[in-house]
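**Q** just need the structure, nothing else, for what follows:
(chains A and B)
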Amino acid sequence: MSVIATVAPEVPVKLHKTDFQSDQEVRWCPGCGDYAILAAAQQVFAKLGVPRHKYVMVSGIGCSSRFPYYVNTYGFHTIHGRAPAVATGIKMANPDLHVWVITGDGDALSIGGNHLIHALRRNVDLKILLFNNRIYGLTKGQYSPTSEVGKVTKSTPFGSLDQPVNPISLALAAEATFVARTADIYIPHMQDILTQAAAHKGSVFIEILQNCIIFNDGAFKDTTDRAMRDDKQVMLEHGKPLVYGKNRDRGLRQRGLDLEVVELGKNGVTEKDLLVHDAFAESQALAYVLSRVEDPVPMGIFRNVTRSSFETRAHAQIAAMKEKFGPGNLDKLLKGGETWMVK
Amino acid sequence: MTTQQIESRPTAQREVLKTVTIRFAGDSGDGVQITGDQFTATTAMQGNDLATLPDYPAEIRAPIGTLPGVSGFQIQFSALDIHTPGDAPDVLVAFNPAALKVHVGDLVPNGILICDTSQFTKGNLAKAGYVTNPLEDGSLTQFRIFGENITEKTTLGLRAVESLTVREKVRCKNFFALGMAYWIFNRSMDPTLRFIEMKFKKNTDLVEANKLALKAGFAYCEMTDVFQAVAYEIPAAPSVSGTYRNLSGNQALAMGLVAASIACERPLFYGAYPITPASDILHELSKHKNFGVITFQAEDEIAAVSAAVGASFTGALAVTGSAGPGIALKSEAVSLAVMTELPLVIVDVQRGGPSTGLPTKTEQADLLFTLFGRHGEAHVCILAPATPGECFHYALEACRFAVKYMTPVYLLSDGYLANGAEPWRVPELGDLPRFPVKFREDPQGFSAYERHPKTLSRPWAIPGTPGLEHRIGGIEKREGSGNVSYDPDNHERMVVLRTEKIKRIAQDIPLLQVEGDPDGDLLVLGWGSTYGAIRAGIERAAQKGMRVAQAHLRYLNPMPSNTEAVLKKYKKVLCPEMNLGQLSWLLRAKYLVDVVGLNKIQGQPFKAVEILDGITAVLNGRPVKQPADSTVNGDGT
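**A** Residues are numbered from 1 along each chain as shown, chains lettered A, B, ... in the order given. Now for the predicted structure:
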């Protein structure tokens, strides 16, 4: 009874969030930010009109990397740091698949830093979601490459010493074509970003600020708490000036190669003086400058540009070579070069 | 077709030889490898049997004229069926004093020594460590010396090519020397003339110059009296009828992978990172995009194998290839393929190790690494071709096992097989195996880890198939469903199942064959590229009246089911290996057979005489010569 196979639905299909819930019990700590991200992703998947069998969730190792087990699509829980590489192989082998990579700050930026950089610069059509909680959770609380200097953890009882990496800056420097930041508690914002990401053909890199309730509770409290968030973050909207603040009385103004915070209405500063966000700018220079701003924290899409994706180019080259040389002829290949006959 | 204007000495006036070994040697920028390749291609087309040994330094251009910069290429060619590149050269072509210094010790007494005298300057002699000119000081009187100013003669021959600089003309000298060799051994210049036209097609001046240089070298010997004493003829070797070509191990392996892709009806995905001596497989495969081959030059070895694992999950015929340290880096991802039971072929072109070791030299020291070099109980299949041509067949075989048993398979080549060449009879397409892959498509009763009753393999269910959505990963699986399971009994059962699956590959493996004298007292058992040397050694032993049998393992894990029976039939078993005794160790452990190791770890293949010495020692009850000062066995004891 291969009913499902014969009635393979044409896109778009009508699906519900529950269609994307697997039969596996979700085992993150109660209160973990991962639950919200999982729910948001399932919600978005249901709305995209893509049938379940065309999705592949790929992850590395870490708390976030258990994600594929909980999504009722194809899934591959791989090895530490290598998810972008495995996903590259999946996407190259079948470009029709919708491949999402779920990773964390340790997985993507420490052990897998190299693969992340190269997946992004190749512009493989992967949607990479980095759950950044600035800590190693699954190994029970060591500092991570995004932990702030001086972080006191089990492995750094006297404080960590190394400069953290800025995930957005790294992704931009690595030539990523879609770069965004959102947070686990901003459900509608996250869903909007995920929806736009799904529509992007090419590498997507989304940093999701995510709370680890056990080992790094409140990591982003200063940015995302309802009471403070309006004053501590700036929402990036394409074509709009970078205004923020509870009273929308502050903004970011370009000064030389940097940005500065200015107060609207003071010293004659108006909205016209502010930097207007251009997510579609070919150069990532301004997006990079924005990524360096820590107060306020920019949220939203830093960069969204179109460039042909790696697997598209790979398959176009194969098609072109088939056209040029004709489809492979094994007999000709085996007898290629100089041959001779023995009677 | 080019017409040769110069006629060489008629065959009737040439001395007929059965077998000759020639070695070209010079600076790594002298074109020695091209010269050797061309001599090989031409000789193959003339119907001789042959085997080659390119031997080049790891440095692309070591300081000119120095000993470490010497590049060599040896070929043995014959009217008979031969198995090795020859123990010692009969002819040495040395382009400079350093090349002479490095190689002259191997030249047979009364051997032919051709040197480019223009390079024997005071400075070059000093760089090679010569106080006086060996061509003039009487130290080489046991050889037939042909000191020729090849550089000057080449530039003279190219007077007519006005557009080239002197330096460019001098670079043609290797073709002058090749022309000399062609005259001495009565080879046709046509294949090389065609090669020159192809190789330099973007620069007609270079085409003309190199063709002229080749012809000038040929004509020079024809016109010069002293060479009339060294005019030889080596008749064609008898061979099975068919179409032949000359082929290196890396080429054969790459073509075998393409053939396997066609045989299993899945696109080939080859993930690799550049590394000597495996890179040529990537180069070769990247030319064959019209076969639907996807090549992926990854950011590192780990990404190369990881992407292959991803491609395998998605239904491609996934292969990764490397050597030395690259193989070590792939271990973790291979374990993932073991756990997720995905087909994966890992090509290991073994080179001297550990670490960077001897990147351009050969060794067989990865056997136990590929067998055991993973965390946990992670058993895999291991195959090893014995000759360059066999790389084709075993590439197909590796892919066949990988997709049939849903398992990683290591294919152990080595530097000697990879770069060595031999005449290869091109198989008829109809004789090639077919093993079309059948993916699981029916969702009815599907579970990701149900097992085929005979092979124990799990279904290959690829993303994009409606109704088969499932998750796999590195965490232990529950038997059947494949869901995550930490259950102790389940883990033990799964470890045993995965191991048993590999053992069952033996049902698809041909029995171990015995060659030579099956009734002798001694069996020489080898694996991989030592085959030719062992065969030649045994033939020499037989000529001396010794009764010796030979068996060669191409299937290292699992081994053919009759391996133990074969081993126990003989009073003595000698196991030559280019390592400290890894197969010996394994055979002792598995079968409790008192194997005697014959070990060599010099980055160079065995010579037939070394095998003969080992056989003689064992048959005379003497200890086999062991690697210098070594008291250790393969297991480190």
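**Q** going by C-alpha atoms from here, please, whenever you check contacts or count neighbours.
**A** Noted.
**Q** isn't there a helix covering B:Ser306?
**A** Yes. Secondary structure assignment places B:Ser306 in a helix (DSSP: H, G, I helix; E, B strand; the rest coil).
**Q** correct me, but B:Leu619 touches B:Leu522?
**A** Yes. With the criterion set as CA atoms under 8 Å, B:Leu619 and B:Leu522 qualify as a contacting pair; they are 7.4 Å apart.
**Q** the two: who's more crowded?
**A** More neighbours sit around B:Leu522 than around the other of B:Leu619 and B:Leu522, counting by other CA atoms under 10 Å in any protein chain shown; the figures are 23 against 16.
**Q** what's that one sitting at in phi/psi?
**A** The phi and psi values for B:Leu522, taken as degrees, to the nearest 10, are phi -120, psi 130.
**Q** who does it bridge with?
**A** In this structure, B:Leu522 bridges to B:Val548, B:Lys572 when assessed by DSSP bridges.
**Q** please see if stretch B:377-395 touches chain A.
**A** No. Under the criterion of CA under 8 Å from any CA of the partner chain, stretch B:377-395 makes no contact with chain A; the nearest approach is 10.2 Å.
**Q** return that stretch as CSV; C-alpha atoms alone will do.
**A** Taking only C-alpha atoms (Å, rounded to 0.1, in the frame of the first residue of the first chain), the coordinates of stretch B:377-395 have been written out as CSV:
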residue,chain,number,x,y,z
GLU,B,377,33.6,-1.1,18.0
ALA,B,378,33.5,0.3,14.5
HIS,B,379,34.2,-2.4,12.0
VAL,B,380,34.5,-1.7,8.3
CYS,B,381,35.4,-3.6,5.1
ILE,B,382,38.9,-3.2,3.7
LEU,B,383,40.1,-4.0,0.2
ALA,B,384,43.5,-3.7,-1.4
PRO,B,385,44.4,-4.0,-5.1
ALA,B,386,47.7,-5.6,-6.0
THR,B,387,48.6,-3.9,-9.2
PRO,B,388,47.9,-0.5,-10.8
GLY,B,389,45.4,-2.2,-13.2
GLU,B,390,43.6,-3.9,-10.3
CYS,B,391,42.7,-0.5,-8.8
PHE,B,392,40.0,-0.4,-11.4
HIS,B,393,38.4,-3.7,-10.3
TYR,B,394,38.7,-3.1,-6.6
ALA,B,395,37.2,0.4,-6.9
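**Q** next, A:Leu252: secondary structure please.
**A** Going by three-state DSSP: A:Leu252 is strand.
**Q** check contacts around it.
**A** With contacts taken as CA atoms under 8 Å, 6 or more residues apart in numbering or on different chains, A:Leu252 has the following neighbours: A:Leu242, A:Val243, A:Leu259, A:Glu260, A:Val261, A:Val262, A:Leu274, A:Leu275.
**Q** who wins for neighbours among those?
**A** Of all the contacts of A:Leu252, the highest neighbour tally under other CA under 10 Å goes to A:Val243, namely 25 neighbours.
**Q** how about it: what's its closest non-neighbour residue?
**A** With CA to CA, 6 or more residues apart in numbering or on different chains as the measure, A:Gly251 is the residue that lies nearest to A:Val243, at 4.2 Å, once sequence neighbours are left out.
**Q** in contact with the one you found, which residues?
**A** Listed by CA under 8 Å, 6+ apart, the contact set of A:Gly251 reads A:Pro241, A:Leu242, A:Val243, A:Tyr244, A:Val261, A:Val262, A:Glu263, A:Leu264, A:Glu271, A:Leu274.
**Q** ok, now how distant is the residue of the stretch 151-300 of chain A found nearest chain B from A:Leu334?
**A** Taking CA to the nearest CA as the measure, the point where the stretch 151-300 of chain A comes nearest chain B is A:Ala174, at 13.2 Å. Applying CA to CA, to the nearest Å, one obtains 41 Å for the distance of A:Ala174 from A:Leu334.
**Q** looking at these two, which is more packed in?
**A** With other CA under 10 Å as the criterion, A:Ala174 and A:Leu334 differ in neighbour count, and A:Leu334 comes out ahead with 22 against 17.
**Q** could you find the closest non-adjacent residue to the more buried one?
**A** The shortest distance from A:Leu334 to any non-neighbouring residue, by CA to CA, 6+ apart, is to B:Val426 (6.4 Å).
**Q** up against chain B, what does the stretch 201-343 of chain A have?
**A** Residues of the stretch 201-343 of chain A lying near chain B by CA under 8 Å from any CA: A:314, A:317-319, A:321-323, A:325-331, A:333-335, A:337-343.
**Q** the same query, at a cut-off of 6 Å, please.
**A** With CA under 6 Å from any CA of the partner chain as the criterion, the stretch 201-343 of chain A comes near chain B at residues A:Ile318, A:Met321, A:Lys322, A:Pro327, A:Gly328, A:Thr339, A:Trp340, A:Met341, A:Val342, A:Lys343.
**Q** tell me where the model's unsure across the chain.
**A** Chain wasn't specified; assuming chain A. For chain A, residues meeting the criterion pLDDT under 70 lie at A:1-11.
**Q** wrong one, I was asking about chain B
**A** Across chain B, the stretches falling below the confidence threshold (pLDDT under 70) are B:1-9, B:11-12, B:629-637.
**Q** longest helix in it, please.
**A** Ranked by residue count, the top helix of chain B under DSSP state H comes out as helix B:204-223.
**Q** quick check: phi and psi at A:Phe20.
**A** Backbone dihedrals for A:Phe20, given as degrees, to the nearest 10, come out at phi -100, psi 10.
**Q** just the strands in the stretch 51-200 of chain B please.
**A** Taking DSSP state E, counting those that start in this stretch to define them, one finds strands in the stretch 51-200 of chain B at B:70-78, B:91-94, B:112-116, B:144-148.
**Q** adding mean neighbour count and distance to chain A, write those strands out as a markdown table.
**A** Rendered in a markdown table, the data for those read as follows (neighbours: other CA atoms under 10 Å in any protein chain shown; distance: least, CA to the nearest CA, whole Å):
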| stretch | mean neighbour count | distance to chain A |
| --- | --- | --- |
| strand B:70-78 | 27 | 16 |
| strand B:91-94 | 27 | 25 |
| strand B:112-116 | 23 | 29 |
| strand B:144-148 | 15 | 32 |
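**Q** to B:Arg351, which of those lies closest?
**A** Among the strands of the stretch 51-200 of chain B, strand B:70-78 comes nearest to B:Arg351, with 17.2 Å by CA to CA.
**Q** who does that closest one pair up with?
**A** strand B:19-27 (antiparallel), strand B:49-55 (antiparallel).
**Q** now could you export just the CA positions of that strand as PDB?
**A** Once non-C-alpha atoms are left out, strand B:70-78 reads as follows in PDB (Å, rounded to 0.1, in the frame of the first residue of the first chain):
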ATOM      1  CA  VAL B  70      66.900  14.500  -7.700                       C
ATOM      2  CA  SER B  71      63.800  13.100  -9.400                       C
ATOM      3  CA  GLY B  72      63.900   9.600 -10.900                       C
ATOM      4  CA  PHE B  73      61.800   7.400 -13.100                       C
ATOM      5  CA  GLN B  74      62.400   3.700 -13.500                       C
ATOM      6  CA  ILE B  75      60.800   1.300 -16.000                       C
ATOM      7  CA  GLN B  76      61.400  -2.300 -16.600                       C
ATOM      8  CA  PHE B  77      60.100  -3.500 -20.000                       C
ATOM      9  CA  SER B  78      60.200  -7.000 -21.400                       C
END
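**Q** returning to that earlier point: redo the strands paired with strand B:70-78 as TSV? Include mean neighbour count.
**A** Formatted as TSV, the entries for the strands paired with strand B:70-78 read as follows, by neighbours: other CA atoms under 10 Å in any protein chain shown:
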stretch	mean neighbour count
strand B:19-27	26
strand B:49-55	25
